[in-house]
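J.: Model the structure of this input:
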Amino acid sequence: MLGGDDIDYSLQFQLYLQTKMLNPYYPPEVSAQCTIVNFIVTEQGLEEQLLADVVNKEKAELEQKRQQLVKNQNDYQVQISRLEEELLNALQEAVPETILDNTPLIEKLDETKTTSNVIE
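T.: Numbering: from 1, shown residues only. The predicted model follows:
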C-alpha cells in the first residue's frame, strides 16, 4: 500500500532502509513481512567471534566443547524458566487455606529446587 492505495510492483523489487537509531521499533505487521538485519557489533561480540575463529583453527575440539557448553547453558535457562512458570501456575491455582496440604504442589516445589540446584 502506498498512501492508502494498493499498487502493483515487480517481484524483483527490493527496498533497503538504513537507520542510525540504536533500537528502532517496527510494528509486528511490518516485521512479519520483512527481513530485519541488525548490524550493530559491540567490541566484546567481535572479540568473541575472532577468538572463536582462532580457537577453532588451533584446537577445534575446544571450540566444539565451548559451543556445547553454551548450548547446555541456554537449555538450562529455558528449563528453569519453564519450571518457574509451572510453579507459579501451581501456586496461583492453589487454595490458600490448604496450601500446606497440597502434596502435588509441595512435590513440584521440591522438584524445582532440586533441578535448580543440579543446574547451578
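J.: For stretch 46-55, what does the pLDDT average out to?
T.: The predicted model assigns stretch 46-55 a mean pLDDT of 86.
J.: Give me the contact list for that stretch.
T.: 62-63, 66 (C-beta atoms under 8 Å, 6 or more residues apart in numbering). C-beta here means a position set from N, CA and C on the backbone, and glycine is covered the same way.
J.: Check which residues of it are buried.
T.: V55 (16 or more other C-beta atoms under 10 Å).
J.: Take the helix or strand bottoming out on mean pLDDT in the chain, keep the C-alpha atoms, and write them as PDB.
T.: Lowest by mean pLDDT, DSSP states H and E among the helices and strands of the chain is helix 28-31, with a mean of 78. Extracted in PDB, the C-alpha atoms of helix 28-31 (Å, rounded to 0.1, in the frame of the first residue of the first chain):
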ATOM      1  CA  PRO A  28       4.500  -6.600  14.100                       C
ATOM      2  CA  GLU A  29       2.800  -6.400  10.700                       C
ATOM      3  CA  VAL A  30       6.000  -4.800   9.300                       C
ATOM      4  CA  SER A  31       8.300  -7.200  11.000                       C
END
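J.: could you point out which element follows that helix?
T.: Remark: after helix 28-31, the chain's next helix or strand is helix 43-58, criterion DSSP states H and E.
J.: Centre of the chain to that following helix, how far?
T.: Between the centre of helix 43-58 and the centre of its chain there are 22 Å (C-alpha atoms, centre = their mean, to the nearest Å).
J.: With just CA atoms, put it into CSV.
T.: C-alpha atoms of helix 43-58 as CSV (Å, rounded to 0.1, in the frame of the first residue of the first chain):
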residue,chain,number,x,y,z
GLU,A,43,33.7,-4.7,20.7
GLN,A,44,33.1,-7.6,23.1
GLY,A,45,31.0,-9.5,20.5
LEU,A,46,33.6,-9.0,17.8
GLU,A,47,36.3,-10.1,20.2
GLU,A,48,34.4,-13.3,21.0
GLN,A,49,33.9,-14.1,17.3
LEU,A,50,37.5,-13.6,16.5
LEU,A,51,38.6,-15.7,19.5
ALA,A,52,36.2,-18.5,18.4
ASP,A,53,37.7,-18.5,14.9
VAL,A,54,41.3,-18.7,16.2
VAL,A,55,40.4,-21.5,18.7
ASN,A,56,38.5,-23.3,16.0
LYS,A,57,41.6,-23.3,13.8
GLU,A,58,44.1,-24.2,16.5
